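Trainee: using only what follows, build the 3D model:
(one chain, ligands or ions: 2)
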Amino acid sequence: MKEVYLDTFGCQMNVADSERMELLLFHSGYTRTHEKENADLILVNTCSIREKAEQKIFSLFGHLKPLKEKNPDLILGLTGCLAQQEGERLLGKMPFLDLIMGPDHVEDIALAVDRIRQTGESMVWSTWDERKNYSIPTLEAPPPGNPGASAFVNIIKGCDKFCSFCVVPFTRGREKSREAEEIYSEIRQLVDRGAKEIILLGQNVNAYGKRGMNDPVPFHELLYRVAEIPGLSRLRFTTSYPRDFTRELILAYRDLDILMNHLHLPVQSGNDRILNDMRRGHTAREYLDLVSELKSEAPGIALSTDIIVGYPGETESEFQDTLKLMEQVGFSSSFMFSYSPRPGTPAALLADSVPEAVKHERLQKTLEHQARLTEREARRFLGKDVEVLIEGRSSKNGYEWKGRNPEYWRVHLSGASLKAGDIVKVRVDEFSGHTLMGHALDQ
Ligand code: 5AD
Ligand code: SF4
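Mentor: Ligands and ions are numbered 1, 2, ... in the order given. Below you'll find the model as predicted:
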C-alpha cells in the first residue's frame, strides 16, 4: 500500500473533512503515515479564517518543498479553505504544488490523486459542487478502526450568513443540508461500532433543513429523532448562530435528557454598533434574552462562545461592552481572537483602524477576564459528582482516564477497571483552567 501523510489546520469541519479523505484514500490503496519523509502523498488541509493560520501554512510548505525535490513521485496537495480562496494563485507562490483542491471536492480526493499520477500535471480544483443535495455516501467496506466514544457527524455544509469579517461563506459556499435518513443511518452505524456520543456538525447547524433537501426536517425535529436511536447516550451540536436559534430548539434542551447541558453560541462582541457592523443580525440584549430563556429551560447549562476584539473602529468603551456581556452570561470558556482582515470580506474594505498593540492588549484583557469566569464556573463543580463519558487514557500525571462531563469540561480521573465508552460518576477534587480532576466513584 502507498502512504499518505495528512496535516490538518482549523476548525472541526476541516478535521471531519480530513478523516473523510483518509477513509476514501484508504479504499484507494493508501494507509496513513505520521512520517512525512516516507509518504507518497502529502495533503495539508488548510484554514484561512485569520491571517496567522495562512502564515503557518506557507511556512509548513517551505519545509515540505525539499521533500518534493528529493522524491519527484511525491504528490503534494493543499486542500481546504485556503485552496478555495486562492485557487490557481497559489501556484504562483508555490509552483511545486501538485494539487490545490477546495472543500467542496473532498469526495473526489482519490480521483484527483489518480489523475495527477496518470498525467503528471498539477491540478487546481476549486469549482463549486453545483448539485442541489449534500451527500456523504456510506462506503461498502467498513472503515478501519473504531470511531471512539464521541464521534462527529456532518449535517450541513456552508454558510449563508455573510458576517462582515468572515471568509467561510466564500470558502465553503452556500448552506446545504444532508438528508435526515442519511444522517440517522450514519449515526446508527457509529453507535453499532461503539460510539456513545454524537456531535452534529456544521458551520451553522441551526439552519439545518432550510436548503438542499428533498425531504426537509427542521433542526429541532432532527434532534428529537436522533435522540430515539437505540444505544446513543449523548447528543451535542456545534456551531450555532444566535439569530437562527428557535424557541423549539430551546425546548429541546428542556425535553431531551440525551442533549447535553452545553451550548457553543458565538457572540463576537457585546456592543450593538459593532454587532450591527458585523451584520450579526441581533443586539447584545437579544443575545442576553436568548441566554436567559435557555438558562430557565435548561438550568445549569454551560455556555461557551467566540469573541473578536479590535474590529475596525472598536473604541475602548465598545470593547468594555464585550467584557460586560461575558460577565453577564458567565461563559465557561471562550475562543478569543484579534480581528484579522480577510481578503474579499466586506470588513476588509474598512480601515483596520485598531493598532496591533491595542488589539493585543484587548485580547490579553479578554483572556484574563475569561480565566476568571472559567474559575468561577469551575468552583461550581468542586466536591460535586459529575457524569463523565470516558474517551481514552489520560496523559496527566496521577490520572488514568480522560473524558468530558455533560457541560463539556475536560475531566481527568483516577479509577480502576474502566474503559473508553463507559459513563462513570466522578467526584471532582481539583480544577485547573477549563479542566476538572477527580476520582471515579464505585458504581
Ligand atoms: N478575524 C478574527 N477572528 C475571526 N473569526 C472569523 N473570522 C475572523 C476574522 N477575520 C472568528 C470568529 C468565528 C471563529 C470561528 O473565528 O469568532 O466565530
Ligand atoms: Fe462566518 Fe458568520 Fe457564517 Fe459563522 S455565521 S461561519 S462567523 S459568516
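Trainee: count of neighbours near the closest residue to Phe170 other than its chain neighbours?
Mentor: Taking Cβ to Cβ, 6 or more residues apart in numbering, and ignoring the residues beside it in sequence, Phe170 has Gly344 as its nearest neighbour in space, at 5.6 Å. In this view, the C-beta of every residue, glycine as well, is placed from N, C-alpha and C. Neighbourhood size, Gly344 [other Cβ atoms under 10 Å]: 11.
Trainee: interface residues of this protein facing ligand 1?
Mentor: For the chain, the residues in contact with ligand 1 (Cβ under 6 Å from any ligand atom) are 49-50, 165-166, 266, 268, 306, 308, 337, 339-340, 342.
Trainee: adding neighbour count, write these out as CSV.
Mentor: Formatted as CSV, the residues of the chain next to ligand 1 follow (neighbours: other Cβ atoms under 10 Å):
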residue, neighbour count
Ile49, 21
Arg50, 18
Phe165, 24
Cys166, 21
Pro266, 20
Gln268, 23
Asp306, 14
Ile308, 28
Phe337, 19
Tyr339, 21
Ser340, 18
Arg342, 21
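Trainee: out of the residues you listed, which touch ligand 2?
Mentor: Near ligand 2, by the rule Cβ under 6 Å from any ligand atom, you find Cys166 out of the residues of the chain next to ligand 1.
Trainee: tell me the one of the residues of the chain next to ligand 1 nearest ligand 2?
Mentor: The closest of these to ligand 2 turns out to be Cys166 (Cβ to the nearest ligand atom; 3.1 Å).
Trainee: just checking, that closest one touches Pro346?
Mentor: No. In this structure, Cys166 is not within contact of Pro346 by Cβ atoms under 8 Å, at 9.6 Å.
Trainee: got the phi and psi for Gln203?
Mentor: phi -70, psi -30 (degrees, to the nearest 10).
Trainee: what sits against it?
Mentor: 13, 156-159, 168, 172, 175, 239 (Cβ atoms under 8 Å, 6 or more residues apart in numbering).
Trainee: make CSV out of the residues you listed and add pLDDT, neighbour count and secondary structure.
Mentor: Below are the contacts of Gln203 laid out as CSV (pLDDT from 0 to 100; neighbours: other Cβ atoms under 10 Å; DSSP: H, G, I helix; E, B strand; the rest coil):
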residue, pLDDT, neighbour count, secondary structure
Met13, 96, 24, helix
Ile156, 97, 26, strand
Lys157, 96, 26, strand
Gly158, 95, 25, coil
Cys159, 96, 23, coil
Val168, 96, 21, helix
Arg172, 95, 25, coil
Glu175, 95, 21, coil
Thr239, 96, 19, coil
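Trainee: ok, back up a step: which one of the residues of the chain next to ligand 1 is nearest Gly438?
Mentor: Of all the residues of the chain next to ligand 1, Asp306 has the smallest distance to Gly438: 28.7 Å, by Cβ to Cβ.
Trainee: list the contacts of the closest one.
Mentor: Residues counted as contacts of Asp306 (Cβ under 8 Å, 6+ apart) are 264, 266-268, 334-337.
Trainee: that one in helix, strand or coil?
Mentor: Following DSSP: H, G, I helix; E, B strand; the rest coil, the label given to Asp306 is strand.
Trainee: now render the contacts of Gln203 as JSON lines, adding distance to Ser296.
Mentor: Shown next, in JSON lines, are these (distance: Cβ to Cβ, whole Å):
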{"residue": "Met13", "distance to Ser296": "32"}
{"residue": "Ile156", "distance to Ser296": "28"}
{"residue": "Lys157", "distance to Ser296": "33"}
{"residue": "Gly158", "distance to Ser296": "33"}
{"residue": "Cys159", "distance to Ser296": "29"}
{"residue": "Val168", "distance to Ser296": "32"}
{"residue": "Arg172", "distance to Ser296": "34"}
{"residue": "Glu175", "distance to Ser296": "30"}
{"residue": "Thr239", "distance to Ser296": "23"}
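Trainee: just read off the phi/psi values of the nearest residue to Leu60 once chain neighbours are set aside.
Mentor: Spatial nearest neighbour of Leu60, excluding adjacent residues (Cβ to Cβ, 6+ apart): Val44 at 6.3 Å. Backbone torsions of Val44, given as degrees, to the nearest 10, read phi -110, psi 110.
Trainee: just grab the bridge partners of the closest residue to Lys36 other than its chain neighbours for me.
Mentor: Excluding its sequence neighbours, the residue lying closest to Lys36 (Cβ to Cβ, 6+ apart) is Tyr5, at 4.4 Å. The bridge-partner assignment for Tyr5, based on DSSP bridges, gives Ile42.
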